[in-house]
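Colleague: Pasting a predicted model and its sequence here:
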Amino acid sequence: MPPVLTNIANRDSDIHLDASKIDDLLAHFPPSSRPVTLTQTSSGLPFKLEGGNAVGLFVMDVQCSGILPGDQIIQINGESTANMTYEEAITKLKSSTQLNLEVLYNQQAWESQRLQQRFELDSAVYKCQASYTPDKANTATMKDALKEMELTPGTMVHVINTSLYEESGYWLAWKLSPEGHKIALKKIPNATKVKDMYGDVGKLYERISVPICAH
């Protein structure tokens, strides 16, 4: 990382430096990844995390030195974040007191992703390999408006949020038509819940790559 940006990242007084000024500096100093070591306190993570999956994981609302708003987290304690969901990243980040991160300042890429994904930022498509029928008794008593989706082999779902109702074990997803059109927005079991039920995520979900139709 260019020394000028390293100095900015390590000075508390400059944590909230306007992103446009950083981008001006990057025009002269192309960014490279850099290591960041953070100590997590009882108050939780010193930054807000956004994104996930193929979108990438990005840092926002920083409350510590050493890391910048717009940094993309490339590694967490030596593990690559490629295709890591938001849910998985948060779990890994919260499991360690000391965080050894590899980050890359990438604010422009993040803004571009937000525009392209239309705020469906934790984006991945899965094809169901087995059936899943929601417990209708439990569904009837749910306080939230979104109901669970019934899944059958071949059903395609576009997961857009892996942090929604995290305590209850759900992801938020669109059911897709065979042509990739969005049909219904509902909840589906998350990876942890699927592991408990099937022993392996792959027994219910197979990740696939298909184009998503806007309408």
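Modeller: That came through fine. These numbers come from a predicted model, not from an experiment.

Colleague: Gly66 belongs to a helix, doesn't it?
Modeller: No. Counting by DSSP: H, G, I helix; E, B strand; the rest coil, Gly66 falls outside a helix, being coil.

Colleague: measure it to Asn100 for me?
Modeller: If you measure Gly66 against Asn100 using Cβ to Cβ, to the nearest Å, the figure is 12 Å. All C-beta atoms are positioned from the backbone trio N, CA, C, and that covers glycine.

Colleague: what about these two, which has more around it?
Modeller: Gly66 (20 against 13; other Cβ atoms under 10 Å).

Colleague: you'd agree that one is up against Thr39?
Modeller: No. Gly66 is beyond contact range of Thr39, at 10.1 Å (criterion: Cβ atoms under 8 Å).

Colleague: Mutual contacts of Gly66 and Asn100, please.
Modeller: Val36, Thr37 (Cβ atoms under 8 Å, 6 or more residues apart in numbering).

Colleague: burial measure for Ile74, as a count.
Modeller: The number of residues packed near Ile74 is 17, by other Cβ under 10 Å.

Colleague: And what about it, helix, strand or coil?
Modeller: Ile74 is classified as strand under three-state DSSP.

Colleague: mind checking how far the residue nearest to it when sequence neighbours are not counted is from Trp110?
Modeller: Spatial nearest neighbour of Ile74, chain neighbours left out: Glu102 (4.5 Å); criterion: Cβ to Cβ, 6 or more residues apart in numbering. Distance, Glu102 to Trp110, by Cβ to Cβ: 17 Å.

Colleague: When the two are compared, which one has more neighbours?
Modeller: Trp110 (24 against 19).

Colleague: which element is the residue lying closest to the more buried one once chain neighbours are set aside on?
Modeller: Using Cβ to Cβ, 6+ apart and skipping residues adjacent in sequence, the residue nearest Trp110 is Phe58, 4.5 Å away. Using DSSP states H and E, Phe58 sits in strand 57-60.

Colleague: Please identify the buried residues of that strand?
Modeller: Within strand 57-60, the residues scored as buried using 16 or more other Cβ atoms under 10 Å are Leu57, Phe58, Val59.

Colleague: which one of these is nearest Asp196?
Modeller: Each of these was scored against Asp196 by Cβ to Cβ, and Leu57 proved nearest at 25.1 Å.

Colleague: need the contact list for the closest one.
Modeller: By Cβ under 8 Å, 6+ apart, the neighbours of Leu57 are Leu49, Glu50, Gly51, Gln72, Ile73, Thr81, Met84, Tyr86, Ala89.

Colleague: Need the pLDDT of it.
Modeller: Leu57 is assigned 91 on the pLDDT scale.

Colleague: partner residues bridging it?
Modeller: Under DSSP bridges, the beta-bridge partners of Leu57 are Gly51, Ile73.

Colleague: Give me the distance between it and Ser163.
Modeller: 12 Å.

Colleague: what touches both of these two?
Modeller: Tyr86.

Colleague: Not counting residues beside it along the chain, what's closest to Lys195?
Modeller: Val201 is the one closest to Lys195 (Cβ to Cβ, 6+ apart), at 6.0 Å.

Colleague: dump the residue contacts of that neighbour.
Modeller: Ala191, Val194, Lys195.

Colleague: Would you list the phi and psi of it?
Modeller: Main-chain dihedrals, Val201, degrees, to the nearest 10: phi -60, psi -40.
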